[in-house]
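Asks: Need coordinates for the below:
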Amino acid sequence: MIAVDTSIWIRALRSAGGPEAIVLRSLLDADEVALPVVVRSELLMGAKTADRKKLIKALKSVPLLYPSDESWRTIDEWTATASRAGAAFTVGDLLIGVLTQEIGGLVWSADSDFARMESLNLVGRFSA
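Replies: Next up, the predicted model:
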């Protein structure tokens, strides 16, 4: 499974013929996409009012990933690991990473923070 970050969704939504959109459609057709709830929220917060209902409908077919108590414990561990390495990450990115790890998936993102997470062996990344 591939957890698709907000940065990729935005690129795909802005350019339906772009490389991200083409790969994303292929992954969606193959039921290989998971949607961390934080990404869903970010997408809806950034959506124009006219596009919101259509986006909600489209996202309903993608499995949502929700944090559990264990997710938050893992975030605490990852924060300590990052701190020891002199790194820091946003709560949103940590949530995306942990939720992806919990399903044994890969993160697809244009955000360089996930490359730093990968260098700390916290996540695996998908490359299109």
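Asks: CA-only coordinates of the lowest-mean-pLDDT helix or strand in the chain in CSV, if you can.
Replies: Lowest by mean pLDDT, DSSP states H and E among the helices and strands of the chain is helix 49-59, with a mean of 89. C-alpha atoms of helix 49-59 as CSV (Å, rounded to 0.1, in the frame of the first residue of the first chain):
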residue,chain,number,x,y,z
THR,A,49,-15.9,25.5,-1.9
ALA,A,50,-17.1,24.6,-5.4
ASP,A,51,-14.8,21.5,-5.5
ARG,A,52,-15.3,20.3,-2.0
LYS,A,53,-18.3,17.9,-2.5
LYS,A,54,-16.7,16.3,-5.6
LEU,A,55,-13.4,15.8,-3.6
ILE,A,56,-15.2,14.3,-0.6
LYS,A,57,-17.0,11.9,-3.0
ALA,A,58,-13.8,10.9,-4.7
LEU,A,59,-11.9,10.3,-1.5
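Asks: Could you identify the helix or strand that succeeds it?
Replies: strand 64-65 (DSSP states H and E).
Asks: Give me the mean pLDDT for that following strand.
Replies: If you average the pLDDT over strand 64-65, you get 98.
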